[in-house]
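In: Below: sequence and its predicted model.
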Amino acid sequence: MSSDQPFITDESQVVTETRDARMTGQGDRFNSRLREAFGSSPFILTKFDKFLNWCRGSSMFMLQFGIACCSIEMMHTYAVKHDLDRFGSGVPRASPRQADVMIVPGTIVSKFAPRMKRVYDQMPEPKFVVGMGSCTISGGPFQEGYNVIKGAEEVIPIDIHVPGCPPRPEALVYGVVKLQERVANGEAAPVTVKPYELEEFSDLERDELVDKLADQIDDDELVMRYNFADSP
Amino acid sequence: MSLERPDTVDDGAVERTPDELEALLGDLVVDRDDHLNAPGFVIRPDTVQETLSVLKEQAGYDHLSVVSAQEYENRYESIYHLKKYDDPTQEVSVVVPADKDDPVSESAEPVFRTADWHEREAYDLIGIEYDDHPDLRRILLPETWQGHPLSMDYDKDRPQIATLPEHANPLQDHHKDEESDTMFLNIGPHHPATHGVLHLKTVLDGEQVVDVEPDIGYLHRSEEQMAQNGTYRHQIMPYPDRWDYISAGLLNEWAYARAAEDLADIEVPEYAQVIRTMGAEMCRIAAHMLALATFALDINGDFTATFMYAINDRERVQNLLEDLTGQRLMFNYFRLGGVVWDLPEPRDEFFSKTRDFLDQLPESIEEYHNLITSNEIFQMRTIDTGVLPPEVAKNYGATGPVARGSGVDYDLRRDDPYGYYDELDWDVITEDGCDNFSRLLVRMREVEESAKIIEQCVDLLEDWPEDERNIQANVPRTLRPDDDTEIYRAVEAAKGELGIYIRADGTDKPARFKIRSPCFSNLQTLPEMANGEYIPDVVAALGSLDIVLGEVDR
Ligand code: SF4
């Protein structure tokens, strides 16, 4: 473009009432009661950490992570009617690398626990976890199952537990909002017990089982060792 | 036997008496072990293929529902439950005992392709080995698992190790080997398109799929063990809700109720049957709505309008179901012999709510047709992709909308009637396209049929005389079916034939409780549909199968 003033439009061409109103009262458009209260000094003073926590708590990206029955209610929580997005935390991201919060919606079994740990590890810090349903608390109705991990807390730390089988969407919304509150207030997650970690096979303590599997598993392969006898 | 019925003719319609069948099998039969639902023939473990071929080719038993395996004090046993697609009331069980110390039995895979996964499951959980099986590995538990959890001497407290195999980045050069151009691609178990925790191992040649292998077991919650630990009367019923958790709860509960009621010889009052039928069809609508929503999601991408609309309709059904049962998802509403309580008061309000829902349904369906089925992009993605010919579908034991989308006219609600279905006026939907589109269309049209059924039930319930509203039969507090009675009974759940095999041992808990999950068999057809197609078609085919992992893995 050759014009000297490329940002000025020709007013004679497009004039509508709305447009007029906006052009005349330029600065008012973003005005609000709050802004007026500040008067002529448009600055506020706050602690940087506090401000950042407030940002964090007000915009949470969830991980799109479905495991079992609870994930159906989780979908309903995201979708119409319950619409978790109203509270600033409803955008499910398919990739763990874009997510802040993981809702664990279901029963964790032996084959899945290492994968869940891996997905959790891939999320960037700071990350938070909401455990949804009885299964993530204790194994729920399947606690006796030979293959079931007795609670997600055995594998990853959990910030908020939402009980129920399945919890209603309202309950999940409450749990997530509580988490947001805590994040905004800068409350740290409780220290939790995680007996099961991903380890390299060669780092396991040698015992009968490890010896037996030695020719099946490579030394540097990641494994999770379950100790069902000591589970709660 | 009559001479007009030559043995060599494959005639599925001909019904043979158990004695005729025994004569047909001749020396193959070593003993009889009849079940409540079907005659059972005991055969030697090395004649499985021969026996099943005779039954399949000469007697028309073309549907292997399930292989249920179990361990006894003195032997192992695999039971092949056979049926006919044309008439599922004609059933026969083939009982194959195997040696206690060295449980080996011949694989049925060459005769029925579906036996592949079923036998792998039996090997995994019980520990029977199948000779001549193409690929006998664990299927549900991690490969490194120790012991077989449903065998008798399993110690559930022993430590276990599960591995996390790392796959190299598929974009790295070295992942292609010298000779071939194929690439290995891992999909899942955490992936938005797998509808839960399914893991697909795919080998690609460019955009084309050379091979896809579903890897399941990421949600194997020991459902069969949980049922075996519960008493018949009350403790088992909550679990079926959690098999197919896409709101299909009542349909699943019916599967257990039907098997247990037939086992314990309980007659359900007619009024309760009508309520059951109505509730079950509401569940079917809810389940099909989710299938539609997620399928549209798979094809169209992000959280889009169709998804929200379908979820909205689901919310409506769920409200009705909540009024009826008190729960949104895990209903636990059926009891052996009936249902737990009567319709909610005031009844008129419930009826008018239900009617309102039914009245607006045609409009929503119209909207879905505008958005989905008449959408050109959608048609391009789904028509003639994921083709499953009817013969293949039968060979894999596919049922439900998957089979009906391939033109297999098989619906247990009509063919093996239970509940109140045979008194009502409705149609079985089939489509001949055999592709992804047909399967979707079957589901959408089935929603209309379900609405018809609900409407008739509401009419019936409205006029039901007040003093005949009997919601539960008299059932003893503790049920102890006779020792050594066995039964296999199935119902038409949202995804297909959901069957339960129960063996009673005279106590108040089942000695063996085996779940025949429709999704388990349906998922097996995925390689048939996807191999040779493009990678987006795998996702479409998977979406059109409408699996739910809770039921696949149990
Ligand atoms: S808590 Fe209940 S609803 Fe949730 S995953 Fe566990 S069994 Fe399913």
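Out: Received, thanks. Numbers count the residues shown, from 1 in each chain, chains lettered A, B, ... in the order given.

In: what about the residue nearest to residue B:468 when sequence neighbours are not counted, which SS state?
Out: Excluding the flanking residues, the one nearest residue B:468 by CB to CB, 6 or more residues apart in numbering or on different chains is residue B:271, at 6.5 Å. The C-beta positions use only the backbone N, C-alpha and C, and glycine is treated the same way. Of the three states, residue B:271 takes helix under DSSP: H, G, I helix; E, B strand; the rest coil.

In: quick one, what contacts residue 227?
Out: Looking at chain A here, since you left the chain open. Residue A:227 makes contacts with A:195, B:159, as judged by CB atoms under 8 Å, 6 or more residues apart in numbering or on different chains.

In: hm, I was asking about chain B
Out: Here residue B:227 is in contact with B:236, B:239, B:256, B:510, B:513, B:515 (criterion: CB under 8 Å, 6+ apart).

In: sorry, back to before: ok, now which ones touch the residue nearest to residue B:468?
Out: B:461, B:464, B:468, B:469, B:470, B:471.

In: Please produce JSON lines containing those, extended by neighbour count.
Out: Below are the contacts of residue B:271 laid out as JSON lines (neighbours: other CB atoms under 10 Å in any protein chain shown):
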{"residue": "B:461", "neighbour count": "19"}
{"residue": "B:464", "neighbour count": "17"}
{"residue": "B:468", "neighbour count": "9"}
{"residue": "B:469", "neighbour count": "15"}
{"residue": "B:470", "neighbour count": "15"}
{"residue": "B:471", "neighbour count": "17"}
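
In: filter these down to the ones close to the ligand.
Out: When CB under 6 Å from any ligand atom is applied, no member of these is adjacent to the ligand.

In: which residues are contacting stretch A:48-63?
Out: Contact with stretch A:48-63 is made by A:78, A:84, A:88-93, A:96, A:98-103, A:119, A:123, A:126, A:128, A:176, A:179-186, as judged by CB under 8 Å, 6+ apart.

In: Averaged pLDDT, that stretch. What do you get?
Out: Per-residue pLDDT values over stretch A:48-63 give a mean of 86.

In: Just the CA coordinates for it, please, in PDB.
Out: Only the C-alpha atoms of stretch A:48-63 are listed here, as PDB (Å, rounded to 0.1, in the frame of the first residue of the first chain):
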ATOM      1  CA  PHE A  48       3.700 -11.600  41.400                       C
ATOM      2  CA  ASP A  49       3.200 -15.100  42.800                       C
ATOM      3  CA  LYS A  50      -0.200 -14.300  43.900                       C
ATOM      4  CA  PHE A  51      -1.100 -12.900  40.500                       C
ATOM      5  CA  LEU A  52       0.300 -15.900  38.800                       C
ATOM      6  CA  ASN A  53      -1.600 -18.300  41.000                       C
ATOM      7  CA  TRP A  54      -4.700 -16.400  40.300                       C
ATOM      8  CA  CYS A  55      -4.100 -16.800  36.600                       C
ATOM      9  CA  ARG A  56      -3.400 -20.500  37.000                       C
ATOM     10  CA  GLY A  57      -6.500 -21.100  39.000                       C
ATOM     11  CA  SER A  58      -8.600 -19.200  36.600                       C
ATOM     12  CA  SER A  59      -7.600 -21.000  33.400                       C
ATOM     13  CA  MET A  60      -7.000 -24.700  33.700                       C
ATOM     14  CA  PHE A  61      -6.500 -27.000  30.800                       C
ATOM     15  CA  MET A  62      -7.700 -30.500  31.400                       C
ATOM     16  CA  LEU A  63      -6.300 -33.700  30.000                       C
END
